[in-house]
Structure formats: structure tokens, C-alpha cells
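Visitor: What shape does this take:
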Amino acid sequence: MNPLELVAKTLYSFEEKELTIQLLQAFGKRAETFSQYDDVAKIFFEIKEFSNAIFYAEKALKLAQSPQEKYTIAKNLINAYNQNNFPDKALTQISKIKLSNPQDTELLLEETFSYSAINQKDKAEKLLFNLIKYKLPEEIERKAYHNLSGHYFRKDDIHTGLQHFLKAGEVEAYKNRELPPFPKWDGTITPGQTIVIDSQCGAGDEIMHVRFMRHLKELGMNPIWTTTRRDIQKLFNYNGFETVCVWDKPEFPKDAQWVYALALPYYLNLKAEDLGRGVYIQPLPEKEKQYEYLQEDKNYKIGTFWNSGSGFEQAHFRSVDADGLFDVLAKTNASLYSLQLPDELPPEQYRDQVKTFDIPDRNFEDTFSLVSQMDLVITSCTSIAHIAAAQGKEVCVFVPIMEYYVWTSSTDKSWWYGDNVHMFKQQQTRKWDKPLKDLEKFLNDRAV
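Guide: Coordinates of the predicted model:
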């Protein structure tokens, strides 16, 4: 590890993100050689600052001399372009270097991602099916099967889709942590057996999957949900889902078995019609009382959430054009509310029309209750969609081209939720024009 990388990664590990970026940019401004630009680009990529990684990798590519240097930096650029939602640029680079090594399976995998990201899913899947005919490195094989999961989800084949999705998804979830200290559940139904459900996933995933505890209970088993989120623990327990927080170091029966939360519907062998469509989470009564003042607004209330700032490396895929969204919403007669955190404001020209919530230490308990007061929730693909859908609220979800599997089906409906959920799917990379027009028609049809 060179000194720059050592210092940058040390700062980043101390959660000094801005200082890390400033350090790398200061070094990048003084870079002169291929290796200097390449070093900066690689570190930016590793800390998932993809726009900066692209900026310095493009400078390195101009200075690359040998064919190997050109090939290596081009491959890094392709990955960064894809991660930063510029698959069109990735395909341009792929076409330039593919002929020099047509059997590079890592490159071929990136190509399938690029085609999928420009909404050429059929072409991407055809390439993936061809790719898995090769003898692949283990990691490439896992990712290829994982990416193929969408093919089966679009055919409503939940079981095969989840089987493929989990090939890489579960490995990634436990890549940097120890597995739970119990035998792993293999799906065998044993009445009385304690199943510890390990939720190494996002909050939306927890909300989406906790419902399957009911299936386990109906089979006579004893499921216990484990979480790192104390506010979600309280909500789940209130709704009858036995939940413990891992920070409390709970003890379990010696014969307990564990399962990854996202694998539950797979091991339960559930089909689309088995997933459940009803309301299964209600807000906490004390929080309902805290926000009951919102009922004084007798107008139709729309809650909005447009920007994913969760820290998820591909959050920018899920963020919707806020100006375009409020151009549509400003034409309605509804009361508009922002469900974003206080540091994320609506576009300046609409701030007088949109009510915001400045709630100290706001958590999921608050958000569930705020959502419960809305007549309609319009959101990007984030946990807000699941919070609204689990309560049976009418919710419109903007679905990016690179959609999460829960929004993938043979129709415009999600098989995870009922008819209260409406999906507006992106058609062009980085553009939300079509979904926004569809939303406008949706609102007009309902005379909102």
C-alpha cells in the first residue's frame, strides 16, 4: 500500500470522508504521470466516489503508454461508469477494448450490466446466459447468476429468482462479518424449532421481510427477528413480531438455527400468490398521538420523498428529478408534505408550497406515523415505499431501470404488495420524463 493510499484509507476509516476527498483532490491537482492519476482514481473508486474516480481515470487514460496500461485503466473506467450510472459511456469503452481480449469474463460481465442499465434487458440476459457457459472464477459466476435473477422475477418465478439473487447477495451481506454461531436453517420444517432471523440488510428489506415470521409461526416454529435498529425493534414487537436488538447481546436456545432475512421466502418456497397483500405493520400509538395534529389539514395530503441519501453506493440510481416532480405536484390541489430529512429541501421555487418536518432525532417510529397521516405517498425506490406499502397506504413508487427485485414482475404491479402500490418505471438512463408524465396522468385521473 503506497503512502497516499494508506493515509486516505486511514482517514476514511475514521469517517473523515470530506477530508479524504480534499486530500485526494489536492494530490490529484499536482499529478503529472499516469501512475499518479491512476493511484488517485483507484482510491476514489475504492471509497465509492465514482465521479471523482472517473475524472482522474480519464486523465490517466490519456497518459497511458503500454497496451496493458490502456487496457487496465479502461476496465476500471468501465466499472466506474457503470457504478455512476453512465452505462452508455461504459459501452463505448467496452467496444474499444473488447476485441483485444474477448474472453475477459470480468469485462463481459460489465457489458451485461451496461446493457441492462440502458434498458436492453433482453440483450443483457442473452449475454448472461452465454456467459455462464464459461468456466468462470467463483466471484464472477456468483455475480452472473445474481444478475440473471431479474430474468426469473420478470416471469414471476420467485423461487428461481431468489435462488439466483442470493448467490451473491448473501455472500456480500456476510463478507466482512462472522456468521451467526448456530447451524444454518435449510428450510426443514420442525415444529418448536427456534429460527434466528439475521437482518444484515437495509431498513426497507427488514420491513419487507418481517411478514414471513407469520409463515414460520403457522408452521409451528419459533422465529426471532434480530436487528441493529432499536426503533424498528420497537415497531416490530408492537406488531407482534418478536424482535431483539443485537446490541443487547440476546441469548438464544442452544439448538437454535439461523437464516438470512432475505432468504426467508426462498426457504419457505413461496410463490407470488403466497407473499401476502394485507396490512401487517401499524404505527406506535404514542407516535400516532404525537402527529395527530396533521388531521387538522382536511385537504388531500401527499407525502413526497425523492432523494435517496442512505449511503448506499448506488443511491443516485434511485433519486428522482425533484424539479420535475414538483412541477407535476404543484398543479394539484393537494397539501404537499416532504418526508425527506430536514437537510434535504424541496426545490427553492416550491418551498412555500411544501410543508417539511423538522423533528429532532427523527427515527423510523416517527416516519411510520408521518406516513400514516398521508392520503398518498409518492417516493423514489427507498424504505419509504415499504413503510407506506406495509401500512396499506396508497403509494406511487418511481422505479429506476436498475430496479430492486421487489419491483420486478411481469406486470406493473409488485407481487410483494397489493393494488395500493403503483409503479412508475424509468425508461431512459438518468431521465425521469416518462414516469413523471405517467404520474401526472395518474393524479389527473383521480382529480387530485
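Visitor: For the helix or strand bottoming out on mean pLDDT in the chain, give me every contacting residue.
Guide: Sorting the helices and strands of the chain by mean pLDDT, DSSP states H and E puts helix 315-318 at the bottom, at a mean of 80. Residues outside helix 315-318 that contact it (Cβ atoms under 8 Å, 6 or more residues apart in numbering) are 84, 85, 308, 309, 312, 380, 381, 382, 398, 400, 401, 402. Every C-beta, even on glycine, is put in place using the N, C-alpha and C of the backbone.
Visitor: May I ask which helix or strand encompasses the second one?
Guide: Counting by DSSP states H and E, there is no helix or strand that carries residue 85.
Visitor: can you count the residues close to it?
Guide: Residue 85 has 20 neighbours, counted by other Cβ atoms under 10 Å.
Visitor: separation between it and residue 430?
Guide: Separation of residue 85 from residue 430 (Cβ to Cβ, to the nearest Å): 6 Å.
Visitor: Kindly report the same for the last one.
Guide: Residue 402 sits 11 Å away from residue 430 when distances are taken as Cβ to Cβ.
Visitor: Show me which of the two is the more surrounded one.
Guide: More crowded of residue 402 and residue 430, by other Cβ under 10 Å: residue 402, with 19 against 15.
Visitor: ok, that one to residue 106 distance?
Guide: From residue 402 over to residue 106 (counting by Cβ to Cβ), the distance is 19 Å.
Visitor: same deal with residue 54?
Guide: Where residue 106 is concerned, residue 54 sits at a distance of 18 Å (Cβ to Cβ).
Visitor: got it, and residue 233?
Guide: Residue 233 sits 41 Å away from residue 106, taking Cβ to Cβ as the criterion.
Visitor: who's more crowded, these two?
Guide: The neighbour count for residue 233 versus residue 106, taken as other Cβ under 10 Å, is higher for residue 233 (22 against 16).
Visitor: shouldn't the more buried one be in contact with residue 239?
Guide: No. With contact defined as Cβ atoms under 8 Å, residue 233 does not count as touching residue 239 (11.2 Å).
Visitor: contacting residues around residue 158?
Guide: Residues in contact with residue 158, defined by Cβ under 8 Å, 6+ apart, are 152, 265, 270, 271, 272, 275, 415.
Visitor: Sorry, slip of the keys, the one I care about is residue 215.
Guide: 264, 268, 270, 274.
Visitor: Likewise for residue 326?
Guide: Shown in contact with residue 326 (Cβ under 8 Å, 6+ apart): 336, 346, 347, 350, 353, 354.
Visitor: just for the stretch 101-250 of the chain, where's the confidence low?
Guide: Within the stretch 101-250 of the chain, no range satisfies pLDDT under 70.
Visitor: in it, which spans are strands?
Guide: For the stretch 101-250 of the chain, the strands defined by DSSP state E, counting those that start in this stretch cover 194-198, 222-227, 243-245.
Visitor: what's the answer for the stretch 251-400 of the chain, then?
Guide: So, for the stretch 251-400 of the chain - with DSSP E, counting those that start in this stretch - the strands run 257-260, 301-305, 335-338, 354-355, 376-380, 394-399.
Visitor: so what does the second one touch, helix or strand wise?
Guide: Counting contacts by 3 or more Cβ pairs under 8 Å, 6 or more residues apart in numbering; DSSP states H and E, strand 301-305 is packed against helix 322-329, strand 335-338, strand 376-380, helix 383-390.
Visitor: Average the pLDDT values over the shortest one and round to the nearest integer.
Guide: Strand 335-338 comes out with an average pLDDT of 98.
Visitor: repeat for the last one
Guide: Helix 383-390 shows a mean pLDDT of 97 in the predicted model.
Visitor: Tell me the one of the contacts of residue 326 nearest residue 322?
Guide: Using Cβ to Cβ, residue 347 comes nearest to residue 322 of the contacts of residue 326, at 5.4 Å.
Visitor: OK, contacts around that closest one?
Guide: Neighbour list for residue 347: 322, 323, 326 [criterion: Cβ under 8 Å, 6+ apart].
Visitor: quick one on the thing from earlier: quick check on the contacts of residue 158: which are buried?
Guide: For the contacts of residue 158, a burial check counting by 16 or more other Cβ atoms under 10 Å picks out 152, 265, 270, 275, 415.
Visitor: just the helices in the stretch 51-200 of the chain please.
Guide: 67-83, 87-97, 105-117, 121-131, 138-153, 158-173 (DSSP state H, counting those that start in this stretch).
Visitor: Domain-wise, how is this structure divided?
Guide: Domain ranges of the chain: 3-137, 194-270, 285-445, per automatic domain parsing.
Visitor: Could I get these in a markdown table, plus columns for distance to residue 144?
Guide: Below are these laid out as a markdown table (distance: least, Cβ to Cβ, whole Å):
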| stretch | distance to residue 144 |
| --- | --- |
| domain 3-137 | 5 |
| domain 194-270 | 19 |
| domain 285-445 | 16 |
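Visitor: closest to residue 173 out of those?
Guide: In terms of Cβ to Cβ, the element of the domains of the chain nearest to residue 173 is domain 194-270, at 4.2 Å.
Visitor: Any chance of the contacts of residue 347 in CSV with distance to residue 76 and pLDDT as columns?
Guide: Listed next are the contacts of residue 347 as CSV, based on distance: Cβ to Cβ, whole Å; pLDDT from 0 to 100:
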residue, distance to residue 76, pLDDT
322, 32, 95
323, 33, 96
326, 38, 97
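Visitor: any chance of the residues you listed in JSON lines, plus distance to residue 173?
Guide: JSON lines is the format used below for the contacts of residue 347 (distance: Cβ to Cβ, whole Å):
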{"residue": "322", "distance to residue 173": "31"}
{"residue": "323", "distance to residue 173": "36"}
{"residue": "326", "distance to residue 173": "36"}
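Visitor: Among these, which one sits closest to residue 126?
Guide: The nearest member of these to residue 126, counting by Cβ to Cβ, is residue 322 at 36.1 Å.
Visitor: Identify the residues contacting the closest one.
Guide: 306, 307, 346, 347.
Visitor: Of these, just say which sits nearest to residue 439.
Guide: Using Cβ to Cβ, residue 306 comes nearest to residue 439 of those, at 11.6 Å.
Visitor: quick one: the closest one and residue 380 touch, right?
Guide: Yes. Using Cβ under 8 Å, residue 306 is in contact with residue 380, at 5.6 Å.
Visitor: Compare these two and say which is more crowded by neighbours.
Guide: Each of residue 306 and residue 380 has its neighbours counted (other Cβ under 10 Å); residue 306 has more, 26 against 23.
Visitor: residues contacting that one?
Guide: The contact partners of residue 306, taken as Cβ under 8 Å, 6+ apart, are 319, 320, 321, 322, 325, 340, 379, 380, 398.
Visitor: and the gap between the residue nearest to the fifth one when sequence neighbours are not counted and residue 49?
Guide: Pointing back at residue 325 there. Closest residue to residue 325 apart from its sequence neighbours, by Cβ to Cβ, 6 or more residues apart in numbering: residue 306 at 5.4 Å. Residue 306 is 22 Å from residue 49, where distance means Cβ to Cβ.
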